[in-house]
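> next come a sequence and a model predicted from it.
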Amino acid sequence: MFASPGPELFQFGPFVLRWYGLLIAAAVLIGLNLSSRLAQQRKLENGLISDLLPLLVLCSVIGARIYYVAFEWHNYAATPLKALAIWEGGIAIHGALIAGTLTLILFCRWRQQSFWDVLDVLVPSVALGQAIGRWGNFFNSEAFGIPTDLPWKLFIPELNRPIIYSNKEFFHPTFLYESLWNLALFIILILLFRWGAKHLNKLPAGAMSCTYLLGYSLGRVWIEGLRIDSLCIGALPPACEGGIRIAQLMSGVLALTGGVGLWWLYGRKKPLPDPGFRPN
């Protein structure tokens, strides 16, 4: 059994350092270093990742927040300004993926780079960043699952529990499940990248991106089924009975996309269509 120490790391006068922000900053810095190294090995343009990442992170965070607020508008309609309080939690990874992909397409067209080559060196950092960032949910006592008595159960303060579970204390630490899943996916992607570096022409552009889509989405489908705060269509949390869990629907679509992409690359032996440009 374990419990969160709270969302704030420390406070000095009006300045408050929150775990959520610290973890996001750490994930960005680690991702910048990692993707820059992978880009060098892929012989991409020098400084490309350092130019891209600030814009990519900003647009992804904005997209993640807009996506979440759009599906949870009933909680913000009375106080719209609270939609800006991102430090209180409430972002959706699928919104980040959508906004990030659009940003990357435009960036690659501007810099005349291959979209799939750039995306391939980014996805290991995305997986690792998700593994790190999920711990922000732990400190905020959010994104937990149904009640459980398992040895690794998570204590949730009554203030953070849904009303129907107010008499329950311990819940599935779904943030931990997803963090570990993403960490395993990160290791697989790095091993795949190293294997590709030693076996030229056997790891085509787009293979790592499709592997990420398939791997992450399969994990998210089952983990989302345990959560009680899912974004839903046709129902409201925590039960989501009779409704559709948005993250499961999106994950199913992305898993299918990743699987079809890998089949296209290795079964059909054809390159994926590139929405970006390769340098002359």
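Structure's in. What do you need?
> before we move on, which element is the nearest residue to Gly225 once chain neighbours are set aside in?
Leaving aside its sequence neighbours, Gly225 sits nearest to Gln248 (Cβ to Cβ, 6 or more residues apart in numbering; 6.9 Å). C-beta coordinates here come from the backbone N, C-alpha and C atoms, glycine included. Using DSSP states H and E, Gln248 maps to helix 246-262.
> got the buried residues for that helix?
Of the residues in helix 246-262, 246-251, 254-255, 258-259, 261-262 count as buried by neighbour count, 16 or more other Cβ atoms under 10 Å.
> for stretch 4-23, same thing?
Within stretch 4-23, the residues that qualify as buried are 4, 7, 18-20, 23, counting by 16+ other Cβ under 10 Å.
> okay if I get those as TSV plus secondary structure, pLDDT and distance to Leu102?
Shown next, in TSV, are the buried residues of stretch 4-23 (DSSP: H, G, I helix; E, B strand; the rest coil; pLDDT from 0 to 100; distance: Cβ to Cβ, whole Å):
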residue	secondary structure	pLDDT	distance to Leu102
Ser4	coil	79	34
Pro7	coil	77	30
Arg18	strand	82	28
Trp19	helix	81	29
Tyr20	helix	82	25
Leu23	helix	90	25
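> which one of the residues you listed sits closest to Ser217?
Distance ranking of the buried residues of stretch 4-23 against Ser217, using Cβ to Cβ, places Leu23 first at 22.7 Å.
> who's in contact with the closest one?
132-133, 135-136, 139 (Cβ atoms under 8 Å, 6 or more residues apart in numbering).
> how does it look with 7 Å?
Listed by Cβ atoms under 7 Å, 6 or more residues apart in numbering, the contact partners of Leu23 are 132-133, 135-136.
> swap in Glu158?
Per Cβ under 7 Å, 6+ apart, neighbours of Glu158: Ser166.
> from Pro124, how far out is it?
39 Å (Cβ to Cβ, to the nearest Å).
> now Pro204
For Pro204, the distance to Pro124 - Cβ to Cβ - is 17 Å.
> neighbour-wise, which of those two wins?
The neighbour comparison of Pro204 against Pro124 (other Cβ atoms under 10 Å) goes to Pro124, with 23 against 18.
> excluding covalently adjacent residues, which one is nearest to that one?
Leu189 (4.3 Å).
> my guess is that neighbour contacts Ala127. True?
Yes. Between Leu189 and Ala127 there is a contact under Cβ atoms under 7 Å: 6.0 Å.
> which neighbours do these two share?
Tyr212.
> surely Leu48 touches Leu38?
No. Counting by Cβ under 7 Å, Leu38 is not a contact partner of Leu48; they are 11.1 Å apart.
> on that earlier part again, what about the residue nearest to Pro124, is that helix, strand or coil?
helix (DSSP: H, G, I helix; E, B strand; the rest coil).
> show me the shaky parts of the stretch 1-150 of the chain.
The stretch 1-150 of the chain contains residues with pLDDT under 70 at 87-89.
> where do the strands of it begin and end?
2-3, 8-12, 15-18 (DSSP state E, counting those that start in this stretch).
> and the contacts of the first one?
Strand 2-3 is contacted from outside by 154-155, using Cβ under 7 Å, 6+ apart.
> can you list the strands that it pairs with?
Looking at strand 2-3 with DSSP bridges, its partner strands are strand 154-155 (parallel).
> rewinding a little: how far away from the center of its chain is the helix holding Gln248?
Distance of helix 246-262 from its chain centroid, counting by Cα atoms, centre = their mean, to the nearest Å, is 14 Å.
> which residues does the residue nearest in space to the middle of the chain contact?
By Cα atoms, centre = their mean, the chain has its centre lying nearest to Ile93, at 4.1 Å. By Cβ under 7 Å, 6+ apart, the contact set of Ile93 is 64, 130.
> make 50 the starting number, not 1.
New numbering, starting at 50: the last item is Ile142.
> how near is Pro129 to Cys108?
Taken as Cβ to Cβ, the span from Pro129 to Cys108 is 21 Å.
> between these two, which is the more surrounded one?
Of the pair Pro129 and Cys108, Cys108 is the one with more neighbours under other Cβ under 10 Å, namely 20 against 10.
> count the neighbours of the residue lying closest to the more buried one once chain neighbours are set aside for me.
Nearest residue to Cys108, sequence neighbours excluded (Cβ to Cβ, 6+ apart): Thr152, at 4.2 Å. As a burial measure, Thr152 scores 19 neighbours (other Cβ under 10 Å).
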